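Q: Provided below are the primary sequence and the corresponding predicted coordinates.
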Amino acid sequence: MKKITLLSLVMLFGLSFNFKKAKDGPKPTIYGFKVKTIDGGEFDMASLKGKKVLIVNTASECGFTPQYKQLEEVFEKYKDKNFTIIGFPANNFGGQEPGSNVEIKAFCTKNYGVTFQMMEKVSVKGSDMCEIYKWLTKKELNGVSDSGVRWNFQKYMIDEDGHLVDSVGSNKKPNCDKIVNWIEGKK
């Protein structure tokens with residue numbers, strides 16, 4: 001029989017402890033991010049603690065652009081019930097968001113009366129993907145799931161504790177049952 005040394009036991013215990021700590025550690029949250037608003041100001045995602053958040057990549061010249069109307073309606077209905085929407089304009093799909101931040105803001109306000117928080121234009125896929133979208137799309141960072149942003153107006157649901165819950169494709173409207181039931185706490 002092999003002789004077990006004290007060092008061997010310490011190493012075995014240490015490795016087991018580290019594995020358990022990593023596996024059972026706190027779930028990653030969105031609260032560590034600071035992003036730029038469409039007006040160039042800094043926005044601390046930690047300011048959203050206690051709110052459900054719907055994050056959407058947007059574009060002004062897309063077939064799904066009319067979803068701005070439903071996004072604004074959902075925002076207006078639930079904004080006083082610990083819910084908000086964050087829009088991230090992106091030009092990753094067919095060049096459908098060619099405008100500057102100033103142009104995007106004017107378009108959203110004039111055509112859809114957008115009052116929910118819009119951020120500066122970012123990249124939501126590829127080698128220049130912004131950090132928050134890396135977190136949203138990579139299980140190793142968000143602790144929940146991998147997903148690729150497939151088109152404009154893909155929606156990500158974040159719970160009141162800053163954890164990724166799920167995502168909804170572009171073809172589902174912001175007022176679909178899945179999103180509304182989640183906002184209202186129904187299963």
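A: Received, thanks.

Q: and stretch 112-119, which residues are buried?
A: 112, 114, 116-119 (16 or more other C-beta atoms under 10 Å). (Glycine included, C-beta is placed from N, CA and C.)

Q: Okay, and which of those residues map to helices?
A: Those of the buried residues of stretch 112-119 mapping onto helices are residue 112, per DSSP state H.

Q: among the buried residues of stretch 112-119, which are in strands?
A: With DSSP state E as the criterion, strands contain 117-118 from among the buried residues of stretch 112-119.

Q: In a markdown table, list the buried residues of stretch 112-119 along with distance to residue 96 and pLDDT.
A: Shown next, in a markdown table, are the buried residues of stretch 112-119 (distance: C-beta to C-beta, whole Å; pLDDT from 0 to 100):
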| residue | distance to residue 96 | pLDDT |
| --- | --- | --- |
| 112 | 15 | 98 |
| 114 | 17 | 98 |
| 116 | 20 | 98 |
| 117 | 21 | 98 |
| 118 | 16 | 98 |
| 119 | 17 | 98 |
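
Q: remind me which residues of this structure are low pLDDT?
A: Residues of the chain meeting the criterion pLDDT under 70: 1-25.

Q: wait, which of the buried residues of stretch 112-119 is closest to residue 38?
A: residue 118 (4.3 Å; C-beta to C-beta).

Q: Let me see the contact set for the closest one.
A: Contact partners of residue 118, counting by C-beta atoms under 8 Å, 6 or more residues apart in numbering, are 37-38, 58, 86-89, 104-105, 108.

Q: which among those end up buried?
A: Applying 16+ other C-beta under 10 Å to the contacts of residue 118 flags 38, 58, 86-89, 104-105, 108 as buried.

Q: ok, so of those, who is nearest residue 140?
A: The closest of these, once distances to residue 140 are taken by C-beta to C-beta, is residue 88, at 21.1 Å.

Q: Bridged to the closest one, which residues?
A: The bridge-partner assignment for residue 88, based on DSSP bridges, gives residue 57.

Q: mind listing what it touches?
A: Residues near residue 88 by C-beta under 8 Å, 6+ apart: 55-58, 118-119, 121-122, 124, 130, 132-133.

Q: 10 Å instead, please
A: Going by C-beta atoms under 10 Å, 6 or more residues apart in numbering, residue 88 touches 35, 38, 55-58, 117-124, 130, 132-133, 136, 149, 156.

Q: Quick check: end-to-end length of stretch 61-70?
A: 16 Å (C-alpha to C-alpha, to the nearest Å).

Q: now swap in stretch 112-124 and tell me
A: Stretch 112-124 has an end-to-end distance of 23 Å (C-alpha to C-alpha).

Q: and what of stretch 97-104?
A: 8 Å.

Q: wait, which of the buried residues of stretch 112-119 is closest to residue 168?
A: residue 116 (16.4 Å).

Q: Having no further points to raise, I will conclude here.
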